[in-house]
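Asker: need a 3D model of the following:
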Amino acid sequence: MLWIIIGVIAALLLFTAYAFNRLRRVDIGAQEALGGIDVQLTRRADLIPNLVNTVKGYAQHEKGVFEAVTAARAGVKAAADNGTVPEKAAAQAQLDRAIVDVLAVAEAYPDLKASAGFLQLQTELADTEDKISFARQYYNDAVAKLNSLVRTIPWLLFTSIAGVHAREFYDAPAGQEAPPSVQF
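Answerer: Below you'll find the predicted structure:
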């Protein structure tokens with residue numbers, strides 16, 4: 001009879017330890033999932049302004065180079081129509097410098113195209129928003145698992161021992177249902 005009592009007490013102690021550890025692991029998983037949301041929000045806060053500024057810089061640089069080429073071409077046309085030889089030479093030299101600038105840009109940045117930059121920005125914005133959505137869903141899944149344990153027997157009996165309680169689900173703040181718009 002003593003062995004039965006000792007066995008039951010040992011089984012209860014083992015189950016208590018198991019319940020404690022399981023509740024703590026699930027709670028830590030929910031904490032980790034919440035940290036994942038913070039990581040993605042920080043990523044967005046760091047990434048988006050840098051991408052916007054990078055694309056703006058590239059687009060302005062490209063725009064300036066191609067505007068110079070366009071202006072130089074217009075100057076050559078005007079000089080060709082009714083300009084003197086020195087005016088024609090000066091216009092041609094200006095066009096040559098503009099073309100050299102275009103070639104230098106293309107050589108230094110072979111993939112430098114404003115449209116590609118804008119497409120990359122859109123892709124990065126969508127990817128970041130997808131990662132934030134996934135992190136929120138992952139957290140809500142972890143909270144659902146934790147809350148189902150905390151509110152059901154036998155785990156309910158061990159929540160105070162483990163210091164674990166139900167958590168709130170993550171609802172996106174108002175205005176974050178859609179990706180942020182970027183204005184140039």
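Asker: pLDDT wise, what is residue 150 at?
Answerer: Note on residue 150: pLDDT of 91.
Asker: tally of neighbours for residue 34?
Answerer: Residue 34 has 18 neighbours, counted by other CB atoms under 10 Å. Placement of C-beta: from N, CA and C, glycine included.
Asker: so for it, what's the nearest residue that isn't a sequence neighbour?
Answerer: Nearest residue to residue 34, sequence neighbours excluded (CB to CB, 6 or more residues apart in numbering): residue 139, at 5.4 Å.
Asker: one more: residue 155?
Answerer: In space, residue 155 is closest to residue 149, 4.3 Å off (CB to CB, 6+ apart).
Asker: you'd agree that neighbour is up against residue 22?
Answerer: Yes: counting by CB atoms under 8 Å, residue 22 is a contact partner of residue 149 at 7.2 Å.
Asker: residue 98 is in contact with residue 68, correct?
Answerer: Yes: Residue 68 is in contact with residue 98 according to CB under 8 Å; the separation is 4.4 Å.
Asker: so which residues of this protein form strands?
Answerer: Taking DSSP state E as the test, none of the chain falls into strands.
Asker: which parts of stretch 64-82 are buried?
Answerer: 65, 68, 69, 72, 75, 76, 79 (16 or more other CB atoms under 10 Å).
Asker: can you check stretch 154-172 too?
Answerer: 155, 158, 159, 162, 164, 167, 170.
Asker: now flag whichever of those residues is closest to residue 35.
Answerer: Nearest to residue 35 among those: residue 170, at 12.1 Å, using CB to CB.
Asker: list the contacts for that closest one?
Answerer: 34, 37, 136, 139, 140, 143 (CB atoms under 8 Å, 6 or more residues apart in numbering).
Asker: hmm, the first one is touching residue 140, no?
Answerer: Same thing as residue 34. No: between residue 34 and residue 140 there is no contact under CB under 8 Å: 10.2 Å.
Asker: residue ranges for the helices of this structure, please.
Answerer: Assigned by DSSP state H, the chain shows helices spanning 2-82, 85-108, 114-150, 159-162.
Asker: highest average neighbour count across these?
Answerer: helix 114-150 (a mean of 16; mean count of other CB atoms under 10 Å).
Asker: select the helix or strand of this protein having the lowest average pLDDT value.
Answerer: Least confident helix or strand of the chain, by mean pLDDT, DSSP states H and E, is helix 85-108 with a mean of 65.
Asker: how far away is residue 31 from residue 24?
Answerer: 10 Å (CB to CB, to the nearest Å).
Asker: actually residue 145, not the one I typed
Answerer: For residue 145 relative to residue 24 (CB to CB), the value is 13 Å.
Asker: please apply the same query to residue 69.
Answerer: From residue 69 over to residue 24 (counting by CB to CB), the distance is 66 Å.
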